[in-house]
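A.B. asks: Quick one: sequence plus predicted model below, questions after.
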Amino acid sequence: MIYKYLFLAVLTTSILSVMHAQEPQKPSYEYVVYKSDGNTYIQRGMPMYIKFSVTPDGENHTLKSKQHPEDTEPMYLEAEGIHYLRHRWAVDPETGKMVQPPREVMMEIYADGVAPRTTHRFLGAPRYASGGVTYFGKNLSFSLSANDATSGVAETQYALDGGYAKYSSNISVSGEGNKTLYYYSADNVGNAEETRSSTFTVDLSAPTTSHTINGIVHNNNILAPSSYFTLSSSDNLSGVKTTFFSYDEQGNRVYYNRCNMTNLKDGEHTLYYYAIDNVENEASKTSFSFYLDRIPPVADIKVVGDQHKGQYLYVSQRTKINLTASDNKAGVKMIEYTMDGGGRQSFSSDFSIPDNYGVHTVRYDATDNVENRASMQALTVFMDNRAPQTRIDYGSPQFFDRDTLFINKETPITLPKSDAGSGIKTTEYAIDGGSMKTYTPFTIDQEGYHTITFRSTDNVNNKEADKKSNVFVDNTPPEIFVNFSIEPIGERRGNPIYPNYVRMYVGATDKHTGTNQILYSINDGPLREYSSPRTLDASERNVFQKNKKYVVKVVAEDKLGNRGEKTVEFYVGPEE
């Protein structure tokens, strides 16, 4: 085989397009005659000059055609394949006679004007085609196979990422990006194939994936139950084939449009995700740790100030309501409440119950920073904004006259009280501006005018305005007066002596309430009412006619029952 390379001085400009690089400089080939296995091959376009010699190494003589010299100087083979130089009959070189049986002399020569045909094959790597572009993954190699119908393949050349090189065996493809494989073959008579090429892209990089938290998130990694993840995968060459995700130790799942957390419990979790591209490049798993907060806050209510537990929880207009809340993870965002079915209000500081007497209901809840809201709770209270009512009652004895109530030291004083709400806590009283005392039924010993101040306080500290009552205490009995109708006529044993016709007159006066009745008895007899319409008094009965000693007891009682006594001793009879 005879061939040589002609290197042409060509100014090569490296012009790269997105998918196709400029072909590198290609060797050129000279047409030659090729002999192999007794066959002679000539490039079909080459001129042929027919010559002969009468000795093996003698002078060459040119054969020409006299009829058509233009057809032999030079001569060209008209078709592809085998051709013959013919002599009519073969002659035996020893005898010089025609060989018997006669046979034609045929000298073969092969015309070869067709270049080889080369094919390529990609091996070892995943393949993916899209939009007219073919992508290959890792471990890519290629093989070239050439065939020539006549003189046979002399060599196969390829160029990839550089100049042409002779192909001998499978070639590994390195590097990522858009590539063009150029290749051709030349046969043994110098027919070079038109350059063939295959444009493709090598993708050695795995896709990248990122996550987005959709919904409520606090402090970057505390998520609400309603939140979910979306994944975004991208690949710079062949494109993303599949994205996978999993939670914690669960198995991988194919990602479609979101990563829900429906089956995850409250607590710490990890999201794992990765993607593979269309040529099986697989990314390493990416992880994101987060806390799924499913537990709502715990709200609490505190009644501050006046309160009393009875049929209801009674409060006063001075009472305040305080709300607090705690949360296991995300923290409390807000506390809200409603009053008596009204609109929701945000709690910021202690608030009061409406100052309307009766039942009120506070409902309250709390929301954490990922919108977990606690179930609404309720507290019912009774607004008791009415003070108790207290009155004063005086027992017996008592007497009212001239706008004045008269009692004595035996008269019991009570303070009846009532409260429709929380009930009575204390009742107090004071006499004549003294200090207040806790109430129990009482009396007043000291005689004279007195002012009683009294009030009650209920169980939520509603205090009644001071009330006053004036009373006069009369402990002094009437003053008794005894007079006789005549002067004594003598004296016996220190007692006066009156004649038997004497009369005794009895009277009594009372400074404050007046005398109610006068009673008398003579010599330890029964008490009789003096000047009673039903009886005669001592003066009218002529009881002192006997000559003896008389002991008369006079009792006078005022209108309060204050009783005074007076005893008079005297004699009736003649003078001694």
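C.D. replies: The structure has been received and is ready for your questions.
A.B. asks: contacts, neighbours, all on C-alpha from now
C.D. replies: Noted.
A.B. asks: how does this structure divide into domains?
C.D. replies: 1-44+79-200, 208-292, 299-383, 389-473, 479-572 (automatic domain parsing).
A.B. asks: okay, these in JSON lines with mean pLDDT next?
C.D. replies: Converted to JSON lines, the domains of the chain look like this (pLDDT from 0 to 100):
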{"stretch": "domain 1-44+79-200", "mean pLDDT": "87"}
{"stretch": "domain 208-292", "mean pLDDT": "97"}
{"stretch": "domain 299-383", "mean pLDDT": "97"}
{"stretch": "domain 389-473", "mean pLDDT": "97"}
{"stretch": "domain 479-572", "mean pLDDT": "88"}
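A.B. asks: Those into TSV, with extra columns for mean neighbour count?
C.D. replies: Below are those laid out as TSV (neighbours: other Cα atoms under 10 Å):
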stretch	mean neighbour count
domain 1-44+79-200	16
domain 208-292	17
domain 299-383	18
domain 389-473	17
domain 479-572	17
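A.B. asks: Tabulate those domains (TSV), appending distance to Ser53.
C.D. replies: Formatted as TSV, the domains of the chain follow (distance: least, Cα to Cα, whole Å):
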stretch	distance to Ser53
domain 1-44+79-200	16
domain 208-292	68
domain 299-383	108
domain 389-473	148
domain 479-572	190
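A.B. asks: what's the closest of the ones you listed to Lys66?
C.D. replies: Across the domains of the chain, Lys66 has its closest neighbour in domain 1-44+79-200 (17.4 Å, Cα to Cα).
A.B. asks: my guess is Pro297 meets Asn372, correct?
C.D. replies: Yes: contact criterion Cα atoms under 8 Å: Pro297 and Asn372 qualify, at 7.3 Å.
A.B. asks: Quote the end-to-end distance of stretch 557-570.
C.D. replies: Stretch 557-570 has its terminal residues 24 Å apart, counting by Cα to Cα, to the nearest Å.
A.B. asks: that older thread, and of the domains of the chain, who's closest to Pro69?
C.D. replies: The nearest among those, by Cα to Cα, is domain 1-44+79-200 at 16.9 Å.
A.B. asks: The spatially most central residue of the chain: what's it in contact with?
C.D. replies: Centroid-nearest residue in the chain, with Cα atoms, centre = their mean: Val370, separated by 2.0 Å. Shown in contact with Val370 (Cα atoms under 8 Å, 6 or more residues apart in numbering): 216-218, 222-224, 293, 330.
A.B. asks: how about a cut-off of 7 Å?
C.D. replies: 216-218, 223-224, 330 (Cα atoms under 7 Å, 6 or more residues apart in numbering).
A.B. asks: Secondary structure of it: a helix, I assume?
C.D. replies: No: counting by DSSP: H, G, I helix; E, B strand; the rest coil, Val370 is not part of a helix but coil.
A.B. asks: Any figure for the gap between it and Gly494?
C.D. replies: Applying Cα to Cα to Val370 and Gly494 gives a distance of 113 Å.
A.B. asks: Equivalent analysis for Ala159, please.
C.D. replies: 173 Å.
A.B. asks: Ala430 too?
C.D. replies: Ala430 is 52 Å from Gly494, by Cα to Cα.
A.B. asks: again, but for Asn281
C.D. replies: 149 Å.
A.B. asks: Val359 now?
C.D. replies: Distance from Val359 to Gly494, by Cα to Cα: 84 Å.
A.B. asks: again, but for Lys548
C.D. replies: Where Gly494 is concerned, Lys548 sits at a distance of 14 Å (Cα to Cα).
A.B. asks: swap in Gln307?
C.D. replies: 78 Å.
A.B. asks: go on, Ser198?
C.D. replies: 169 Å.
A.B. asks: what do you get for Asp368?
C.D. replies: 107 Å.
A.B. asks: Kindly report the same for His87.
C.D. replies: 219 Å.
A.B. asks: got it, and Ser227?
C.D. replies: Taking Cα to Cα, one finds Ser227 at 121 Å from Gly494.
A.B. asks: same check, this time on Ser469
C.D. replies: 52 Å.
A.B. asks: Asp558 contacts Ile480, doesn't it?
C.D. replies: No: Asp558 lies out of contact with Ile480 (Cα atoms under 7 Å); the separation is 11.2 Å.
A.B. asks: can you give me the strands in the stretch 401-550 of the chain?
C.D. replies: For the stretch 401-550 of the chain, the strands defined by DSSP state E, counting those that start in this stretch occupy 404-407, 413-414, 417-418, 424-431, 437-438, 448-458, 467-473, 479-484, 490-492, 495-498, 504-509, 515-522, 528-529, 548-558.
A.B. asks: Can you add distance to Met376 and give these back as a markdown table?
C.D. replies: What follows is the strands of the stretch 401-550 of the chain, written out as a markdown table (distance: least, Cα to Cα, whole Å):
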| stretch | distance to Met376 |
| --- | --- |
| strand 404-407 | 60 |
| strand 413-414 | 49 |
| strand 417-418 | 37 |
| strand 424-431 | 34 |
| strand 437-438 | 44 |
| strand 448-458 | 32 |
| strand 467-473 | 46 |
| strand 479-484 | 80 |
| strand 490-492 | 103 |
| strand 495-498 | 99 |
| strand 504-509 | 79 |
| strand 515-522 | 74 |
| strand 528-529 | 82 |
| strand 548-558 | 72 |
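A.B. asks: Tell me which of these approaches Ser246 most closely.
C.D. replies: Across the strands of the stretch 401-550 of the chain, closest to Ser246 is strand 448-458 (Cα to Cα), at 65.8 Å.
A.B. asks: before we move on, which element is Thr212 in?
C.D. replies: strand 208-214 (DSSP states H and E).
A.B. asks: what's in contact with that strand?
C.D. replies: 227-235, 274-275, 283.
A.B. asks: Recalculate using a threshold of 10 Å.
C.D. replies: 220-221, 223-224, 226-236, 240, 243-244, 258-259, 271-277, 282-288 (Cα atoms under 10 Å, 6 or more residues apart in numbering).
A.B. asks: cool, and stretch 302-312?
C.D. replies: Residues contacting stretch 302-312 (Cα under 10 Å, 6+ apart): 313-324, 350-352, 359, 379-384, 421-423, 458-462.
A.B. asks: ok, now which ones touch Ile522?
C.D. replies: 528, 538, 543-544, 550-554, 567-569 are the contacts of Ile522 under Cα under 10 Å, 6+ apart.
A.B. asks: how about those residues in CSV, adding distance to Gln250?
C.D. replies: Compiled in CSV, the contacts of Ile522 are given as follows (distance: Cα to Cα, whole Å):
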residue, distance to Gln250
Arg528, 116
Ala538, 124
Val543, 129
Phe544, 131
Tyr550, 127
Val551, 123
Val552, 121
Lys553, 117
Val554, 116
Thr567, 118
Val568, 122
Glu569, 125
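A.B. asks: re the thing from before, and the helix or strand that the strand holding Thr212 is followed by, how far out from the chain middle?
C.D. replies: Downstream of strand 208-214, the next assigned helix or strand under DSSP H and E is strand 217-218. Offset of strand 217-218 from its chain centre (Cα atoms, centre = their mean, to the nearest Å): 8 Å.
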